[in-house]
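>>> only the shape, not the letters, is given here:
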């Protein structure tokens, strides 16, 4: 007689030898389920690996961008600090000039 197909588990076909009244053995069913489970796990592992790679790539991109921003902010902070130091120095000079103008008059008046 010819083989027939039966629906087992998740709907996958299973071939059995023999006539119309025979059913698949539990060992055959178990082996097929194990094989399908292994294939599913392989797909899951492959997808997980791809997602893990994508996440690592995005992390590298974000860290690179953060490094650029850090450099930009450090340069801006250095520029502002330099301008502030120049402003303080200029104020110090102006205060000195005012003191020079005002102190001789005050000293002579006492």
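All right, it came through fine. Quantities reported herein were computed from a predicted structural model and do not represent experimental measurements.

>>> and what about residue 23, helix, strand or coil?
coil (DSSP: H, G, I helix; E, B strand; the rest coil).

>>> count the residues that sit near it.
Residues contacting residue 23 under the criterion other C-beta atoms under 10 Å number 12. Bear in mind the C-beta positions are built from the backbone N, C-alpha and C, glycine included.

>>> and the residue nearest the centre of this structure?
residue 59 (3.2 Å; C-alpha atoms, centre = their mean).

>>> any idea which element that one lies in?
Using DSSP states H and E, the element containing residue 59 is helix 26-109.

>>> for that helix, packing partners?
Contacts defined by 3 or more C-beta pairs under 8 Å, 6 or more residues apart in numbering; DSSP states H and E place helix 26-109 against strand 12-16.

>>> the strand it packs on - what's its average pLDDT?
Strand 12-16 shows a mean pLDDT of 48.

>>> equivalent analysis for stretch 57-75, please.
So the average pLDDT for stretch 57-75 ends up being 98.

>>> just how off-centre is it within its chain?
Relative to the mean C-alpha coordinate of its chain, stretch 57-75 is positioned 13 Å out (C-alpha atoms, centre = their mean, to the nearest Å).

>>> start the count at 32, not 1, going forward
Sure, I'll start numbering at 32, so the last one becomes stretch 88-106.

>>> so where's this protein uncertain?
32-53, 135-141 (pLDDT under 70).

>>> repeat that with 50
Scanning the chain for pLDDT under 50 picks out 32-43, 45-50.

>>> burial count for residue 55?
For residue 55, the neighbour count with other C-beta under 10 Å is 13.

>>> please disregard the earlier target; I meant residue 56.
By other C-beta under 10 Å, the residues close to residue 56 number 10.
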